[in-house]
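Visitor: Provided below for reference: sequence and predicted model.
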Amino acid sequence: MQTGVRTLPGGTFSRHLLSRKHRKGGMKRAVIAGLMLTPMVDMFSLLVIFLLQSFSASPEMIYVGKNITLPNAVSGIELADAAVLSISSEGVVLDQKSVGTIDQVMKDPTLLMEMLSAQRELWMKTHPDQEFPGKLTLQAHREVPGNLVAKFLGMLPSQHYGTVQLAVVTAAADSSGGDS
Amino acid sequence: MAGASLPQGKAGSRKRDLNAELNLVPFIDLLSMCICFLLITAVWVQTGAIQVKQTHGTSASAAADKKDSYEMEVLFTGPTSSEARRQSLLTLKLAVKRGGKTVHDIKLQAEKMDLLLKSLDEKVGSTLVAITKGSKLEAGSKPGSLVASAIITPREGVSYGDLVSVMDSLRNHDIINLGITPGKGK
């Protein structure tokens, strides 16, 4: 390292001279900045610990549409695997297949009934020795009229869907963020 | 970093140095990979379910036929109903029946839905205490098990979120068999 004519060894004293030069305005500011690894490693360790606490090995059973805000509930049970019927302002969707708008389905629910019946027949073909459980998951936006949801629920027993799971957002039971 | 090193012994024999260096670069790589994996697999929103059993031709209706069991009916209107706009009050009717006869008939009114839900929660608790006194409760059973089924009828102006809140309140009191029927008229 050079200051003026003489060459000085690197170290604390040379940094002191540099800072004096900076104060006097005699040199341009050094662009090299040291990376402090110790706090960075500390931060990474804390992040890993926090994310491990919220880690859940169970898969997400349903895909919640972007236009759907599920209602909150405290006493929700674990969601079982079943066909998903979504009701939102954009329309009615059964297992990612569009059925129609809410008005269309309420006027003529034939298509919805046919799709539910096809789902049931497919299940019975793939599970020949088992009784059809009749489970369906219903997810609806929280602002949808309750009476409308009740009408949809009233249509389902005709296709042997007697047990409906209403998808809700549950509060975490503990800080580990395990299955609800 | 302070360390200790043993003095050399005889010529040609060196003691092992106790100082060890920690390689931070692979450690930081490992932490970065852990963070990326955990961020991708993190579950931020817990979804659960409230089970509804349709009360026609299912086991819930069969359970309701028991003589010692109670049935609960909840009927309520929402903030946008004509009644709420006229009276500035929300109404909830809670009826407890046994053997077809009404045992308790309660009417709750409140200005806001959250106040109505709070008073419903209190009333259900006190009603369950009242019916527990007049019935034989099996050891280890909860008062809510005396209610074979609860039917909720949302009327005009009730949102799905409010309907779920009512069901959640009933489930908190261990009333498990819940059914929903559409309201007729206003």
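Guide: Received, thanks. Numbers count the residues shown, from 1 in each chain, chains lettered A, B, ... in the order given.
Visitor: Quickly find the element holding the residue nearest the centre of chain B.
Guide: Centrality entry for chain B: nearest residue to the mean C-alpha point is B:Asp168, 5.2 Å, by Cα atoms, centre = their mean. Here B:Asp168 sits within helix B:160-172, counting by DSSP states H and E.
Visitor: For chain A, which residue gets nearest to chain B?
Guide: Closest approach between chain A and chain B, counting by Cβ to the nearest Cβ: A:Gly76, at 2.5 Å. Glycine gets a C-beta too; all of them are placed from N, C-alpha and C.
Visitor: Identify all contacting residues around the helix holding B:Asp168.
Guide: A:71-76, A:140-146, A:148-150, A:166, A:168, B:50, B:52, B:72, B:74, B:76, B:78, B:113, B:117, B:120-121, B:124, B:150, B:152, B:154, B:178, B:180 (Cβ atoms under 8 Å, 6 or more residues apart in numbering or on different chains).
Visitor: Tell me how far that helix lies from the chain's centre.
Guide: Distance of helix B:160-172 from its chain centroid, counting by Cα atoms, centre = their mean, to the nearest Å, is 8 Å.
Visitor: And for stretch B:175-184?
Guide: 17 Å.
Visitor: Now that stretch - C-alpha only, CSV.
Guide: Only the C-alpha atoms of stretch B:175-184 are listed here, as CSV (Å, rounded to 0.1, in the frame of the first residue of the first chain):
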residue,chain,number,x,y,z
ILE,B,175,-72.5,-30.4,19.1
ILE,B,176,-71.2,-32.5,16.3
ASN,B,177,-74.1,-33.4,14.0
LEU,B,178,-74.8,-30.2,12.1
GLY,B,179,-77.1,-29.7,9.2
ILE,B,180,-78.0,-26.7,7.1
THR,B,181,-81.3,-26.0,5.4
PRO,B,182,-82.1,-23.2,3.1
GLY,B,183,-84.5,-20.5,4.5
LYS,B,184,-87.9,-20.1,3.0
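Visitor: Now that stretch: buried residues?
Guide: B:175-183 (16 or more other Cβ atoms under 10 Å in any protein chain shown).
Visitor: try stretch A:143-155
Guide: For stretch A:143-155, by 16+ other Cβ under 10 Å, it's A:144-153.
Visitor: Equivalent analysis for stretch B:27-46, please.
Guide: Going by 16+ other Cβ under 10 Å, stretch B:27-46 has these buried residues: B:31, B:34-35, B:38, B:43, B:46.
Visitor: would JSON lines of these with secondary structure, distance to A:Ile49 and pLDDT be doable?
Guide: Compiled in JSON lines, the buried residues of stretch B:27-46 are given as follows (DSSP: H, G, I helix; E, B strand; the rest coil; distance: Cβ to Cβ, whole Å; pLDDT from 0 to 100):
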{"residue": "B:Leu31", "secondary structure": "helix", "distance to A:Ile49": "11", "pLDDT": "93"}
{"residue": "B:Cys34", "secondary structure": "helix", "distance to A:Ile49": "10", "pLDDT": "93"}
{"residue": "B:Ile35", "secondary structure": "helix", "distance to A:Ile49": "11", "pLDDT": "94"}
{"residue": "B:Leu38", "secondary structure": "helix", "distance to A:Ile49": "10", "pLDDT": "90"}
{"residue": "B:Val43", "secondary structure": "coil", "distance to A:Ile49": "17", "pLDDT": "71"}
{"residue": "B:Gln46", "secondary structure": "coil", "distance to A:Ile49": "20", "pLDDT": "79"}
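Visitor: among those, which are within reach of chain A?
Guide: Of the residues in the buried residues of stretch B:27-46, proximity to chain A by Cβ under 8 Å from any Cβ of the partner chain holds for B:31, B:34-35, B:38, B:43, B:46.
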